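> need the 3D shape of this:
(4 chains)
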Amino acid sequence: MNIDIKILKEPLDINVCINWVMTPQSGGIDVFVGTVRNHTKGKKVLRLEFEAYERMAMKEMDKIAREMLQRWPLHKIAMHHRVGILDVGEVPVVIAVSAAHRDAAFDACRYAIDTLKQTVPIWKKEIFEDGEVWVAAHP
Amino acid sequence: MNIDIKILKEPLDINVCINWVMTPQSGGIDVFVGTVRNHTKGKKVLRLEFEAYERMAMKEMDKIAREMLQRWPLHKIAMHHRVGILDVGEVPVVIAVSAAHRDAAFDACRYAIDTLKQTVPIWKKEIFEDGEVWVAAHP
Amino acid sequence: MEILAFGIVKDIFLATSIDLIVDEDITVGALKQKLEGRYPQLRGISSYMVAVNDEYASDDSIIKDSDEVAIIPPVSGG
Amino acid sequence: MEILAFGIVKDIFLATSIDLIVDEDITVGALKQKLEGRYPQLRGISSYMVAVNDEYASDDSIIKDSDEVAIIPPVSGG
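The predicted structure follows:
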């Protein structure tokens, strides 16, 4: 199988993702690593909480990966998302894509994170010193 | 300093690059990992040899990084290139770019590897079962 | 009909799921109206989708009582 | 004038550097002609550049004897 989708409570291991997608046929791997920023719109963020509708999120990530394999000549795709409480600097998401040629890896990896942010049922709560808010929930 | 350029004889450490570019302000990191393919134009590759005009290569990589910082709102850039004999699956190049927003990281990382391949004085020799060839040397 | 809540919707329902009494074979659109009547704050969020059996469902989809239904507020993963 | 060779150019010069006797203040263009006369195989490679003191130099650049000169065949890093 050339797709590895995971939703994990433990810290993500970037090397595991990269090593998993690397094949002897591959010439390039593009990796996107999301990180928790210490501020948003000028406000200091203490930590984030990620919640997933896990079964559906796995399905939606799998759809993205299958679409990627149809659109680009890729070798393997790893897409790991973390849930739970994350501190600043921790990694909520890792997407690694291998291909014989780098253009396909870049395009597909970017498509993956852009689409994940639009369709995968995972929610992020920003926790500030004076309160907390579900991101994008209100207009 | 927010640029880390290295030419190394030892295996590259992808995690070192990622950890180095990660900052509390960063929301996304794009990483390109080059890998040695086991074939080229249908021919089996045994291993590669990379040679650098080291001082000039460092300078040219530094130019690329400075151009990236001018063109995109980035945080940090790591660009490590390996030299010497590499087996299939080993990593000749790692480029990691952090930014507050992922679009800048993706665009800049891609610019970096595209430009590196055009301007940085590093040469690759492909070693086959029946001979060896400097890549791109002959029309 | 059990309805799962996530993110901001959990805060609106004050629960991770609610058990709504509905006629059989309600459409997604009708379910939304019913929910918005009972939880007016739902109208205040940017938008929300309904998933039926782990798939996004359009307003004219019909839901059976045995389906797994979830309210999906704007996602913000990644 | 010491001229550094890399990649395919090493194979053509059969050396990692050569010491070329030139008039002072030769241009890059004139150096290329001189080298191609001595090493006709240089004309067979895709293209090559000349770097002077670690910078790519155009054909009309003037090289002093103290400069570090390198022949740069098509690069293939990454």
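> drop to CA atoms for contacts and neighbour counts, all remaining ones
OK.
> for the residue nearest to the spatial centre of chain A, phi and psi?
The residue lying closest to the centre of chain A (CA atoms, centre = their mean) is A:Val93, at 3.3 Å. According to degrees, to the nearest 10, the main-chain angles of A:Val93 amount to phi -150, psi 140.
> for burial, what's the neighbour tally of the residue nearest to it when sequence neighbours are not counted?
Spatial nearest neighbour of A:Val93, excluding adjacent residues (CA to CA, 6 or more residues apart in numbering or on different chains): A:His81 at 4.5 Å. For A:His81, the neighbour count with other CA atoms under 10 Å in any protein chain shown is 26.
> please report the distance of A:His81 from C:Ser46.
Separation of A:His81 from C:Ser46 (CA to CA, to the nearest Å): 24 Å.
> same deal with A:Gly27?
43 Å.
> could you do C:Phe6 as well?
C:Phe6 is 14 Å from C:Ser46, by CA to CA.
> of the two, which one has the most company?
C:Phe6 (24 against 12).
> who does the residue positioned nearest the centre of chain C bridge with?
By CA atoms, centre = their mean, chain C has its centre lying nearest to C:Ile71, at 3.3 Å. For C:Ile71, the beta-bridge assignment (DSSP bridges) gives partners C:Ala5, C:Val50.
> ok, it to B:Lys59 distance?
Following CA to CA, the distance that separates C:Ile71 from B:Lys59 is 55 Å.
> go ahead and confirm A:Pro24 touches B:Asn38.
Yes: contact criterion CA atoms under 8 Å: A:Pro24 and B:Asn38 qualify, at 5.4 Å.
> need the residues touching each of these two.
B:Val88, B:Gly89 (CA atoms under 8 Å, 6 or more residues apart in numbering or on different chains).
> higher neighbour count, those two?
Higher neighbour count among A:Pro24 and B:Asn38: B:Asn38, with 21 against 15, using other CA under 10 Å.
> right, and the more buried one touches B:Lys44 too?
Yes: between B:Asn38 and B:Lys44 a contact is recorded at 5.9 Å, counting by CA under 8 Å.
> so how far is stretch C:69-78 off the chain centroid?
11 Å (CA atoms, centre = their mean, to the nearest Å).
> in a helix, the residue nearest to A:Val93, correct?
No: checked against DSSP: H, G, I helix; E, B strand; the rest coil, A:His81 lies outside a helix; its state is strand.
> check contacts around it.
Counted by CA under 8 Å, 6+ apart, A:His81 has contacts A:Lys6, A:Ile7, A:Leu8, A:Leu12, A:Pro92, A:Val93, A:Val94, C:Gly78.
> stretch A:31-38: end-to-end distance?
22 Å.
> can you tell if it touches chain B?
Yes: Stretch A:31-38 comes into contact with chain B (CA under 8 Å from any CA of the partner chain), by way of A:Val31, A:Phe32, A:Val33, A:Gly34, A:Thr35, A:Val36, A:Arg37, A:Asn38.
> wait, A:Gln118 touches C:Val75, no?
Yes: using CA under 8 Å, A:Gln118 makes contact with C:Val75 at a distance of 6.5 Å.
> pick out whichever of the two has more residues nearby.
C:Val75 (26 against 15).
> which residues of the chain fall in strands?
Going with chain A. Taking DSSP state E, the strands of chain A run over residues A:3-8, A:28-34, A:39-40, A:43-52, A:74-82, A:84-87, A:93-99, A:122-128, A:131-134.
> my bad, chain C
C:2-5, C:17-19, C:26-27, C:49-52, C:55-57, C:62-63, C:69-72.
> which residues touch residue 9?
Answering for chain A, as no chain was given. A:Arg82, A:Val83, A:Gly84.
> ah, I was thinking of chain C
C:Leu42, C:Ile71, C:Ile72, C:Pro73.
> mind doing that once more with 7 Å?
C:Val9 sits next to C:Pro73 when contact means CA atoms under 7 Å, 6 or more residues apart in numbering or on different chains.
> any idea how far it lies from chain D?
For C:Val9, the distance to chain D equals 48 Å [CA to the nearest CA, to the nearest Å].
> and the longest helix seen in chain C, what does it pack against?
The single longest helix within chain C, with elements called by DSSP state H, is helix C:28-38. Using 3 or more CA pairs under 7 Å, 6 or more residues apart in numbering or on different chains; DSSP states H and E as the contact criterion, no helix or strand is in contact with helix C:28-38.
> so what touches it?
By CA under 7 Å, 6+ apart, helix C:28-38 touches C:Leu42, C:Arg43, C:Val50, C:Ser58, C:Asp59, C:Asp60, C:Ser61, C:Ile62, C:Ile63.
> re earlier: and the residue nearest to the centre of chain C, what pLDDT?
You'll see C:Ile71 listed with a pLDDT of 98.
> spell out which parts of chain A neighbour chain B.
Taking CA under 7 Å from any CA of the partner chain as the criterion, chain A approaches chain B at residues A:23-38, A:88-89.
> repeat that for 6 Å
A:24-38, A:89 (CA under 6 Å from any CA of the partner chain).
> so the residue nearest to the centre of chain C makes contact with C:Asn53?
No: between C:Ile71 and C:Asn53 there is no contact under CA atoms under 6 Å: 11.5 Å.
> check contacts around the residue nearest to the centre of chain A.
A:Val93 makes contact with A:Val33, A:Gly34, A:His80, A:His81, C:Gly78 under the criterion CA atoms under 6 Å, 6 or more residues apart in numbering or on different chains.
> burial of the third one, as a residue count?
Around A:His80 there are 24 other residues, counting by other CA under 10 Å.
> report pLDDT for the closest residue to it other than its chain neighbours.
Nearest residue to A:His80, sequence neighbours excluded (CA to CA, 6+ apart): A:Lys6, at 4.7 Å. Turning to A:Lys6, the model gives it a pLDDT of 98.
> again, but for A:Met79
pLDDT, read off for A:Met79, is 98.
> is it in contact with A:Ile5, as I believe?
Yes: in terms of CA under 6 Å, A:Met79 counts as a neighbour of A:Ile5; the distance is 4.9 Å.
> of these two, who's got more company?
A:Met79 (26 against 18).
> which residues pair with the residue nearest to the more buried one when sequence neighbours are not counted across the strands?
Leaving out its chain neighbours, the residue that sits closest to A:Met79 by CA to CA, 6+ apart is A:Ile95, at 4.5 Å. Here A:Ile95 sits in beta bridges with A:Phe32, A:Met79, going by DSSP bridges.
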